[in-house]
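J.: The sequence and its predicted three-dimensional model are supplied below.
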Amino acid sequence: MFANTSIDISDGLIADLEKLINKQKLTYRLILDDIQISKNLKKIIIQKRLDKISFISKGDDYQILFTAKSSKSRIINQTAKSLGIKISKIGKICSNLEKSQIIDQKGNKIAIKSKGYSHGF
């Protein structure tokens, strides 16, 4: 189809994204505002003046994360619309010439304290 790789997000967005790119000498650039959260969580974050970044890698999200070539975006969007599936583009995969990063609405790099759950095998 159109996905190059995919993984379920159960251990946290960043932890599972790093598993997805594994040891391929790739990095990622995520846009914090493009990472979807529930309406209830958004409400709590606003009410309690919390940082969204603290919640994006808690785990148990049970969403599918996938990568695809940008040339496939039209077919992906058409397919999602016809199936009634919401898809959000949250960033891009990059070469390892730049470090992995999460960018806020002002263009600042954000440090993340926890990447998610780590299995101790």
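T.: All right, it came through fine. Numbering: from 1, shown residues only.

J.: From here on, just use CA atoms for contacts and neighbour counts.
T.: Noted.

J.: ranges for the helices of the protein?
T.: 13-21, 39-48, 73-83 (DSSP state H).

J.: Any idea which of those helices gets closest to Tyr62?
T.: Closest approach to Tyr62 among the helices of the chain (CA to CA): helix 13-21, 9.9 Å.

J.: Now do Asp60 against Lys69, distance only.
T.: 27 Å (CA to CA, to the nearest Å).

J.: Can you name the residues that contact the residue nearest to Ile56 when sequence neighbours are not counted?
T.: Spatially, and ignoring its direct neighbours in sequence, Ile56 is nearest to Leu13 (6.3 Å; CA to CA, 6 or more residues apart in numbering). Counting by CA atoms under 8 Å, 6 or more residues apart in numbering, Leu13 makes contact with 56-59, 61, 115-116.

J.: Also Lys72?
T.: Applying CA under 8 Å, 6+ apart, one finds that Lys72 lies in contact with Phe2.

J.: Need the per-residue pLDDT for it.
T.: Per-residue pLDDT puts Lys72 at 95.

J.: Next one: it from Gln78, what distance?
T.: 10 Å.

J.: Repeat that for Gln105.
T.: Distance from Gln105 to Gln78, counting by CA to CA: 27 Å.

J.: Surely Thr67 and Leu17 touch.
T.: No - Thr67 is not in contact with Leu17 according to CA atoms under 8 Å; the separation is 9.8 Å.

J.: higher neighbour count, those two?
T.: Between Thr67 and Leu17, Leu17 has the larger neighbour count (other CA atoms under 10 Å), namely 22 against 18.
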